[in-house]
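*Asks:* Following is a predicted model, sequence given first.
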Amino acid sequence: MTLRKIIRPVSFLILLLFSTTIFGQEKQRYSGPKEIAQYSGIADYQYFVSNNDTILDGTFKMQKSNLDALLSKADKTFLFKGEFQQNIASGLWEFDFGEFKSDSITEVVGFQYKLNVSGVQENANGILVLGKPHGKWVYTKNQIKNSEVLETLFESSIEFDNGIPQKNFQIKNTEGTLVGRFLRDGLAHDEWTFYSENQVGNTHSWYFNSGQLIKISTLNNGLLNEVNLIEVDSDSSNQTIINLDRRFIKILKFQNDNIHETVLKSSGIPSLLAENADYYKKLDTILSSLGEATFLPEFKVKVNYFPLDSIAATKLQNIKDSYLKSDSIASSFLADTQLNILKLSDEEANYYYSVVDSISKQYLYPIKGVLNLNDEKILEYVDRNYLIEHFLPNGFPSKEIKLGQLTGDKSSFINSNADAYSFSEKNLNGILQMTKYAEASLISIQKILSPKLAKEKRQQQFIALEEQMISQINNLNSVIDSVDATFPNNLIVGLEQIKAVANKNLSAYSNMQNLEEKLEFGQHLTKCFEHLEELEDEILLHPVKNQEIVEHYQDQVWNPFMANLMTEEIKKRITAAYRKVLEPYLLNEVSTNLNCTNAGTLLNLYKATHERMMTLRDEDTHKLERKLKREQDPKMVLELMNINPTVKKEQ
């Protein structure tokens, strides 16, 4: 066979593979662990790779169950199965979610073990076309006992056309059943009625006309209450279409007080719609995490529309900025523990605390409600006139803020620049002026309260500081009285010097007039007194530590003349340098040169010297001992022994 004959088939094969890569990716299959949102399980699916992206294409299945978890405590199970076309969910899909426990009692049926379970199971199934629900979708949630359905906790049945709800639907839970219908474009239409499960004969109905809610009625114990919505005669050109979701329920509550109360009484309808939306959101999260899907049921309704132009948006931002400043000031004062205590004994503090509390309730609380509507993207669907009526049912608050209306207190507060503010307009202008007045009032109060609180805080700091210093000075003074007559005299001199330094500095503190400097010096003294207390402890322990060093440098030496072991001091030049140079130096520094500046250094020097003496016993010190032979300078001895304590500088 010639080389040319070999090359031709190979070239043809390469060309074929290249063509397959270009014109149609080869599908692959994956089986193994996978995570989708909060779900972790075993997946099995088909896919191909395009531009380094994994494109799902073909059957998909993912599940999780754990027998050990079921037998020991509880098991959370799930099963998702369906198909993808070019990464878009399509075809028949089924979702199962379960949370089960078992009594661990088994029986053999044929060649299988049977195990009863109890818990809750959710199931959803239907067809998807290009990632959108199509045809009838059913979602159920059942209470399971001993592997049988005990009760249906929730069930919804909705028919879709390319993601748009159609015709009649039904949603029910243990509280009742909601039935209604849609037009072909997904707009709510005709009567939507909730039949109570707990109170037979009681119903709540919403009446729609091509997406517009025109009437709400409730039938309770044979009494019918109907409310016609004011927008039934409104100009449709001022309306827009939105989803019937939680926002729509809130919008209804801001139309007028009658509608607000009626919506509250017909709570079965919004609660069922919200529960259904939560379940569909769960499915949408899963499908969106896998590929392309839009699964949320878009129930459409018409609402009045009051768009916010650039001027209104600017006013809202100004209201928000002013509110945040005001709320920060008010919250800090109302939560200030020092002010809450001070107001009990200080009439002026109590007065301004009450003013801040009144401003927070009368001004800031309703303003926050308006801003929340804007944050929730509801404000543009609410009539601004009713907005004022809802949050300020008694009108704008008076500039003269009266206190103690319930307690009979006749005192009041009014800002000195009150005439510069006018909030009578029932619109965003009025709310902005109201917010600015609250801000100006709180700033003026802040200028009065902040210095008072600062002074009070400083006084409290002085009280705490001086209590600590008195406790420390008492401890320092009592030590000298506690030593007995056998205590070495040179050490008593050191203790007396510590006491003298402490009392001298305390006297200097008491004579200071500048409060800021005095507070700073007092804080410095408490740290100084801590060092002095520890230095006293070192001196009290000095005889014990000296004896510890003596015993540490004793060793057993063989005496050939006596033919026995004798105790003998070793490394005598090191111990001599300690006894004759370092120890007198340390005691002299405390007795003659001690002050608050070097107290920490001397304390650390005491500790470091003892620690170094304990470690030198086991080191090779021949060179050191030669250098120490005639050395009498304590600083040089410290350097040779490598004793160099460091002290953090006082802040």
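*Replies:* Arrived safely, thanks for sending.
*Asks:* going forward, measure contacts between C-alpha atoms and count neighbours the same way
*Replies:* OK.
*Asks:* Rounded mean pLDDT for the strand ranked longest in the chain, please.
*Replies:* In the chain, with assignment by DSSP state E, the single longest strand is strand 88-109. The average pLDDT for strand 88-109 rounds to 84.
*Asks:* which residues sit against that strand?
*Replies:* For strand 88-109, the external contacting residues (CA atoms under 8 Å, 6 or more residues apart in numbering) are 56, 70-71, 73-84, 113-132, 283, 287, 291-293.
*Asks:* Out of those, which sit inside strands?
*Replies:* Per DSSP E, the contacts of strand 88-109 map to strands at 56, 75-84, 113-129, 132.
*Asks:* are any of those residues buried, and which?
*Replies:* By neighbour count, with 16 or more other CA atoms under 10 Å, those hold 56, 75-84, 116-129, 132 as buried.
*Asks:* Can you show me the CA trace of stretch 514-530 as CSV?
*Replies:* Output in CSV follows, covering the C-alpha atoms of stretch 514-530 (Å, rounded to 0.1, in the frame of the first residue of the first chain):
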residue,chain,number,x,y,z
ASN,A,514,-8.2,72.2,82.4
LEU,A,515,-10.7,69.4,82.1
GLU,A,516,-9.6,68.1,78.8
GLU,A,517,-6.0,67.8,80.0
LYS,A,518,-7.1,66.5,83.3
LEU,A,519,-9.1,63.7,81.7
GLU,A,520,-6.2,62.8,79.4
PHE,A,521,-3.7,62.8,82.4
GLY,A,522,-6.1,60.7,84.5
GLN,A,523,-6.3,58.0,81.7
HIS,A,524,-2.5,58.0,81.7
LEU,A,525,-2.3,57.6,85.4
THR,A,526,-4.6,54.5,85.5
LYS,A,527,-2.0,52.8,83.2
CYS,A,528,0.8,54.1,85.4
PHE,A,529,-0.8,52.8,88.5
GLU,A,530,-1.3,49.4,86.8
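*Asks:* So which bits of it are buried?
*Replies:* 518-519, 521-523, 525-530.
*Asks:* So what would you say the end-to-end distance of stretch 188-207 is?
*Replies:* 9 Å (CA to CA, to the nearest Å).
*Asks:* oh sorry, the question was meant for stretch 55-75
*Replies:* 32 Å.
*Asks:* ok, and what's touching it?
*Replies:* 27, 40-49, 76-88, 98-104, 291.
*Asks:* let's see 7 Å
*Replies:* Contact with stretch 55-75 is made by 41-49, 76-87, 99-102, 104, as judged by CA atoms under 7 Å, 6 or more residues apart in numbering.
*Asks:* now the helix or strand hosting H610, how far from the chain's geometric center?
*Replies:* Using DSSP states H and E, H610 sits within helix 599-616. Computed by CA atoms, centre = their mean, to the nearest Å, the chain-centroid distance of helix 599-616 equals 47 Å.
*Asks:* And stretch 176-195, by the same measure?
*Replies:* Counting by CA atoms, centre = their mean, stretch 176-195 comes out at 40 Å from the chain centroid.
*Asks:* can you give me the helices for the stretch 351-500 of the chain?
*Replies:* 365-375, 384-391, 428-482, 489-510 (DSSP state H, counting those that start in this stretch).
*Asks:* And the second one, what does it pack against?
*Replies:* Read it as helix 384-391. If you count contacts as 3 or more CA pairs under 7 Å, 6 or more residues apart in numbering; DSSP states H and E, helix 384-391 packs onto no helix or strand.
*Asks:* Least confident secondary structure element in the protein?
*Replies:* helix 3-23 (a mean of 40; mean pLDDT, DSSP states H and E).
*Asks:* helix or strand right after that one?
*Replies:* Scanning onward from helix 3-23 (DSSP H and E), the first element met is strand 28-36.
*Asks:* neighbours around the residue nearest to Q554 when sequence neighbours are not counted, how many?
*Replies:* Distance criterion CA to CA, 6 or more residues apart in numbering; nearest residue to Q554, sequence neighbours excluded, is E569 at 4.6 Å. For E569, the tally of surrounding residues (other CA atoms under 10 Å) stands at 14.
*Asks:* Report the separation between the spatially closest residue to I473 that is not a sequence neighbour and T526.
*Replies:* Among residues not flanking I473 along the chain, A502 sits closest, at 6.8 Å (CA to CA, 6+ apart). From A502 across to T526, the span is 10 Å (CA to CA).
*Asks:* Need the residues touching each of those two.
*Replies:* With CA under 7 Å, 6+ apart, A502 and T526 have no common neighbours.
*Asks:* To L586, which of the helices of the stretch 351-500 of the chain lies closest?
*Replies:* helix 489-510 (9.8 Å; CA to CA).
*Asks:* outside of that closest one, which residues touch it?
*Replies:* 473, 476-477, 480, 518, 522, 529, 532, 536, 539, 587, 590-591, 595.
*Asks:* Rebuild those as a markdown table, extending it with secondary structure, pLDDT and distance to K300.
*Replies:* Formatted as a markdown table, these follow (DSSP: H, G, I helix; E, B strand; the rest coil; pLDDT from 0 to 100; distance: CA to CA, whole Å):
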| residue | secondary structure | pLDDT | distance to K300 |
| --- | --- | --- | --- |
| I473 | helix | 88 | 79 |
| L476 | helix | 89 | 82 |
| N477 | helix | 86 | 84 |
| I480 | helix | 80 | 89 |
| K518 | helix | 86 | 72 |
| G522 | helix | 89 | 71 |
| F529 | helix | 93 | 76 |
| L532 | helix | 94 | 79 |
| E536 | helix | 92 | 83 |
| I539 | helix | 91 | 87 |
| L587 | helix | 92 | 91 |
| V590 | helix | 92 | 88 |
| S591 | helix | 91 | 91 |
| N595 | coil | 93 | 83 |
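*Asks:* Identify the farthest-apart pair in those residues.
*Replies:* K518 and L587 (31.5 Å).
*Asks:* Flag the shaky bits of this protein, pLDDT-wise.
*Replies:* 1-25, 104, 106, 113, 230-237, 256-267, 404-410, 556-567, 645-651 (pLDDT under 70).
*Asks:* Identify the bridge partners of the closest residue to N125 other than its chain neighbours.
*Replies:* Spatial nearest neighbour of N125, chain neighbours left out: E94 (4.3 Å); criterion: CA to CA, 6+ apart. Here E94 sits in beta bridges with K81, N125, going by DSSP bridges.
*Asks:* Can you get me a residue count around E94?
*Replies:* 17.
*Asks:* repeat for the one 3 residues further on
*Replies:* Counted with other CA under 10 Å, the neighbours of F97 add up to 18.
*Asks:* any idea how far it lies from D321?
*Replies:* Taking CA to CA, one finds F97 at 46 Å from D321.
*Asks:* Same check on L244?
*Replies:* 32 Å.
*Asks:* With neighbour numbers in mind, choose between the two.
*Replies:* L244 (22 against 13).
*Asks:* got the phi/psi numbers for the more buried one?
*Replies:* Main-chain dihedrals, L244, degrees, to the nearest 10: phi -80, psi 90.
*Asks:* The helix or strand hosting L219: how far from the chain's middle?
*Replies:* Taking DSSP H and E as the criterion, L219 maps to strand 212-220. Distance of strand 212-220 from the chain centroid (CA atoms, centre = their mean) equals 41 Å.
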